[in-house]
Each structure stands twice: as structure tokens, then as C-alpha cells.
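Student: Make a model of this:
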Amino acid sequence: MSIVEEFIIILGISLDIFAVMECQGSLVAKVEKKQLVVFCFILVMGQAAALGIGSFISLLLCKTAAEENEIFLGQVAAAVIFFCQGVRLFLKAWRNERIVEHREENFDLGEFLRLYGRTSMFTLLTGLALGFLGGNLFIVLLLLAVTTILVTVIGMYTGYRLGFEHKIKAYLAGGFLLAAGGMDVVLGHIWNFI
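Tutor: Numbering: from 1, shown residues only. Down below sits the predicted model:
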């Protein structure tokens, strides 16, 4: 995979975090910079761990000498993972779960961790798919760290200033990017087959 392809996938999964942070930002009375740094740290470490575990699992599954059928099955699994994640984000946009916007003096760290826990499962699947495709783990982790920090900060301030209404756009954009990543895997296989 190229860096551009890896970035598209990482941005696609990161837009889910953007939407969560936008919703959280719409609830706080004031964005605390120290708290935001802690959130960035938690998210980057959690995302890196989930991606690394997924990549490690893919290495264990492909430990033996890769045959052409195994490579094909890995590509199919990666495409299915990307398409399913894209569909999940499209469904989240379609459902448009409303939240009651009310200011909170303190940020609920427990709720934040619960929301993130659900998201990290999909990052693990992304790590699995990128491992099947032979992505460069160091580059992917670097892209993930930078993207996660950016979407966390931008999402928090967007929610604080504008409310949570842009989460639908984030879900749609993330779903489109992940579906495009799945299509890229399929087209890449077809291109290599020809």
C-alpha cells in the first residue's frame, strides 16, 4: 500500500473520533487545554495499541510462507473490513442520533472512555486489514498519531463553537473514505490479476 492509500484509511477511521469529540465539545462549558492534551494522549495510545494488535494478529495469521491464495484471502478480508466500516459510518450518519446539548462543568471521562472503547475495536480491525495488505506499520502509526491529534483538537473545538451538527458530515466523509479504500483494494487486485 502507498502512503496515500494508508492515509485515506486512517483519515476514514479518524473521522469517527472527530464526530465523538465534536459531540463532547458541544457539552463542555470551557475547553480545558490540559484535559484536551490528556484526551489526545489517551486516544493516540489507544489507537496505536489497537492498530498494533490488529497488525500483530494479521502477522500471526500469515506466519507461514504466503501462498497466492492466502494473499488473495487477505486482500478480500481487508476489502470487506473497509467496506463494512464504511457502511457502519453511513448508518451512523443516517440514524443521526440526537444528543441533548447541555453545558457540563466537568467532562465525563468515564463516558469518554466508553465511547472510545467501542471505536477502538474498529481500529483493531483496520490494523488487521492493513497487516493483510502489507502496510508499513511505522508509517501507519505515525499517520495515525498525527491524524488522531488533529481530529481530536479540531473536533472538540468544532463542537464547542458550532455544536454537534457536523457529525453527520464527518460520518459520511469517513464512510466514503473507507469505502474508497475497500474499492482501491479490489481494483488493485484486479489490476494485478490482469
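
Student: Might you list the low-confidence residue ranges for the protein?
Tutor: Along the chain, the parts satisfying pLDDT under 70 run over 63-71, 97-109, 111-112, 115, 189-194.

Student: center of it - which residue?
Tutor: The chain has I13 as the residue nearest its centroid, 2.0 Å off, counting by C-alpha atoms, centre = their mean.

Student: nearest residue to it other than its sequence neighbours?
Tutor: Distances taken as C-beta to C-beta, 6 or more residues apart in numbering put T126 closest to I13, at 5.3 Å, once the chain neighbours are dropped. Any C-beta I mention is one placed from the backbone N, CA and C, and that applies to glycine too.

Student: what's next to the one helix or strand the one you found maps to, contact-wise?
Tutor: T126 belongs to helix 109-132 when elements are defined using DSSP states H and E. Contacting residues not belonging to helix 109-132 are listed as 1, 6, 9-10, 13, 16-17, 20, 24, 39, 42-43, 46-47, 49-59, 61-62, 74-75, 77-78, 81-82, 85, 88, 137, 140 [C-beta atoms under 8 Å, 6 or more residues apart in numbering].

Student: And stretch 7-17, by the same measure?
Tutor: Residues outside stretch 7-17 that contact it (C-beta under 8 Å, 6+ apart) are 43, 47, 82, 85-86, 89, 92, 116, 119, 122-123, 126, 129-130, 140, 143-144, 147-148, 150-152, 155, 170-171, 173-178, 180-181, 184.

Student: From those residues, which land in helices?
Tutor: Among the contacts of stretch 7-17, the residues falling in helices (DSSP state H) are 43, 47, 82, 85-86, 89, 92, 116, 119, 122-123, 126, 129-130, 140, 143-144, 147-148, 150-152, 155, 170-171, 173-178, 180-181, 184.

Student: Can I get the buried part of these as one PyMOL selection?
Tutor: Selection of buried members from the ones in helices among the contacts of stretch 7-17 for PyMOL, criterion 16 or more other C-beta atoms under 10 Å:
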select buried, resi 43+47+82+85+86+89+92+116+119+122+123+126+129+130+140+143+144+147+148+151+152+155+170+171+173+174+175+176+177+178+180+181+184
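
Student: related to what we said a few turns ago, pull out the buried residues from the contacts of helix 109-132.
Tutor: In the contacts of helix 109-132, burial by neighbour count holds for 1, 6, 9-10, 13, 16-17, 20, 24, 39, 42-43, 46-47, 50-52, 54-55, 57-58, 62, 74-75, 77-78, 81-82, 85, 88, 137, 140, counting by 16+ other C-beta under 10 Å.
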